[in-house]
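Enquirer: Task: produce atomic coordinates for the following.
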Amino acid sequence: MMQICDSYSQKHSLFNAMNRFIGAVNNMDQTVMVPSLLRDVPLLLDELDAGGGGGGGGELAPQLPPATPDAYFSRRDMYSHYVLLKSIRNDIEWGVVQPPAGEEGGGRKKDKLGGADISRGLGEGDALEEEDLEKQFHYHLSGLHSVLSKLTRKANVLTNRYKQEIGFSNWGH
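Expert: Okay, here's the model as predicted:
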């Protein structure tokens, strides 16, 4: 039987990033016994940025301006984060249900980077298209790994913040 070690390359694999995210969301789901307590409780900006759970002296940090990529998260309460993270976990575990062809958003998907129909076979210029597909794959793989890492931090922050809110800051440590 081969032993699997967590080497540097494996640590940065997409599979391990997905497992870390799913594990963090499962931990969050098991910790948060009363999700409704998360309503109207904002996550502090420094908690989201640091990925930790130590929000300093309890003072509220200013929210991100709407133009930043994290603005979507900054305007949401902890309950919204909780529901979103669980929804993303379910999409990873069970797949994303796409509407059938003919409905809005259904049918063949066009590749946004190259404008090519990615559902067709390779034709002329196979080598160029394969190189382009490889670049696109690496680009999206890197982006997906980055997003999963950020979502994992957000799940961990939410879990730690929930523990603080209910008075169990050292719970599970």
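
Enquirer: drop to CA atoms for contacts and neighbour counts, all remaining ones
Expert: Will do.

Enquirer: remind me, longest helix of the protein?
Expert: helix 126-165 (DSSP state H).

Enquirer: pLDDT-wise, which helix or strand of this structure ranks last?
Expert: helix 71-74 (a mean of 49; mean pLDDT, DSSP states H and E).

Enquirer: Show residues contacting the next helix or strand after that one.
Expert: Using DSSP states H and E, the next helix or strand after helix 71-74 towards the C-terminus is helix 78-94. For helix 78-94, contacts defined as C-alpha atoms under 8 Å, 6 or more residues apart in numbering pick out 18, 21-22, 25, 29, 35-43, 73, 151, 155, 158.

Enquirer: Can I have the buried ones of these as a ChimeraX selection?
Expert: Filtering the contacts of helix 78-94 down to the buried ones (16 or more other C-alpha atoms under 10 Å) takes a single ChimeraX command:
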select :18,21,22,25,29,38,42,43,73,151,155,158
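
Enquirer: Show me the contacts of helix 78-94 that map onto helices.
Expert: 18, 21, 22, 25, 29, 73, 151, 155, 158.

Enquirer: Which members of those residues are the farthest-apart pair?
Expert: Longest distance between any two of these is 19.9 Å, between 18 and 73; criterion C-alpha to C-alpha.

Enquirer: Can you list the buried residues in stretch 162-171?
Expert: 162, 163, 164.

Enquirer: can you tell me which of these lies nearest to residue 95?
Expert: residue 162 (28.3 Å).

Enquirer: That closest one against residue 38, yeah?
Expert: Yes. With contacts counted by C-alpha atoms under 8 Å, residue 162 reaches residue 38, the gap being 7.4 Å.

Enquirer: Okay, now the unreliable bits of this protein?
Expert: 1-9, 45-75, 99-125, 169-173 (pLDDT under 70).

Enquirer: In PDB, list the C-alpha atoms belonging to the helix or strand encompassing residue 15.
Expert: Residue 15 is part of helix 14-31 when elements are defined by DSSP H and E. Extracted C-alpha coordinates of helix 14-31, given in PDB (Å, rounded to 0.1, in the frame of the first residue of the first chain):
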ATOM      1  CA  LEU A  14      -7.000  21.600  -6.300                       C
ATOM      2  CA  PHE A  15      -8.200  18.400  -4.800                       C
ATOM      3  CA  ASN A  16      -6.600  19.300  -1.400                       C
ATOM      4  CA  ALA A  17      -8.000  22.800  -1.700                       C
ATOM      5  CA  MET A  18     -11.500  21.400  -2.200                       C
ATOM      6  CA  ASN A  19     -11.000  19.000   0.700                       C
ATOM      7  CA  ARG A  20      -9.800  21.800   3.000                       C
ATOM      8  CA  PHE A  21     -12.800  24.000   2.000                       C
ATOM      9  CA  ILE A  22     -15.300  21.200   2.500                       C
ATOM     10  CA  GLY A  23     -13.800  20.300   5.800                       C
ATOM     11  CA  ALA A  24     -13.900  24.000   7.000                       C
ATOM     12  CA  VAL A  25     -17.600  24.200   5.900                       C
ATOM     13  CA  ASN A  26     -18.400  20.900   7.600                       C
ATOM     14  CA  ASN A  27     -16.800  22.200  10.800                       C
ATOM     15  CA  MET A  28     -18.700  25.400  10.500                       C
ATOM     16  CA  ASP A  29     -21.900  23.500   9.900                       C
ATOM     17  CA  GLN A  30     -21.300  21.300  13.000                       C
ATOM     18  CA  THR A  31     -20.300  24.300  15.200                       C
END
